[in-house]
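Engineer: Everything below, folded, please.
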Amino acid sequence: MRLSEDRVAVIAREVTNTLLDEELVDLEIEEDRFIFIIENAILKDLRIEDEIDEEATEWIKKNRRHVEENSTEWEVEMDRVKEELAVSKGYVIR
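Structural biologist: Below you'll find the predicted structure:
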């Protein structure tokens, strides 16, 4: 995962504080519960990205054996395969 769970917790708190400070949400639940929900959403998103990365790597190793890992061709192929996997999972890669 690109971010540690501790870092995700900090980000979730910052997101919550920003949303509340700018009055973009009106909480009907406890703030800690809202932070927990945001944190879990971020973690879920990161896990999906990790899953897509792993699946893309496996696909390239199986189907494009001639492509050298970490080469420019590898990176181009990774981007292409990750995009296809993301679309198939209904996930948007930014």
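Engineer: switch to C-alpha atoms for all contacts and neighbour counts from now on
Structural biologist: Fine.
Engineer: so what's Ala86 closest to, chain neighbours aside?
Structural biologist: Val92 (6.2 Å; CA to CA, 6 or more residues apart in numbering).
Engineer: Packing partners of the biggest helix by length in the chain?
Structural biologist: Longest helix of the chain, by residue count under DSSP state H: helix 31-63. On a contact count with 3 or more CA pairs under 8 Å, 6 or more residues apart in numbering; DSSP states H and E, helix 31-63 meets helix 5-21, helix 72-89.
Engineer: What pLDDT is listed against the residue in the chain sticking out farthest from the centre?
Structural biologist: Within the chain, His66 marks the point farthest from the mean C-alpha position, 28.6 Å out by CA atoms, centre = their mean. pLDDT recorded at His66 is 92.
Engineer: now swap in the one 3 residues further on and tell me
Structural biologist: Reading off the confidence values, Glu69 has pLDDT 91.
Engineer: Quick check: it vs Arg2, distance?
Structural biologist: Using CA to CA, to the nearest Å, Glu69 is found at 20 Å from Arg2.
Engineer: between the two, who's got more neighbours?
Structural biologist: Using other CA atoms under 10 Å as the criterion, Glu69 and Arg2 rank with Glu69 on top: 14 against 10.
Engineer: where in this structure is pLDDT low?
Structural biologist: Applying pLDDT under 70 to the chain picks out residues 93-94.
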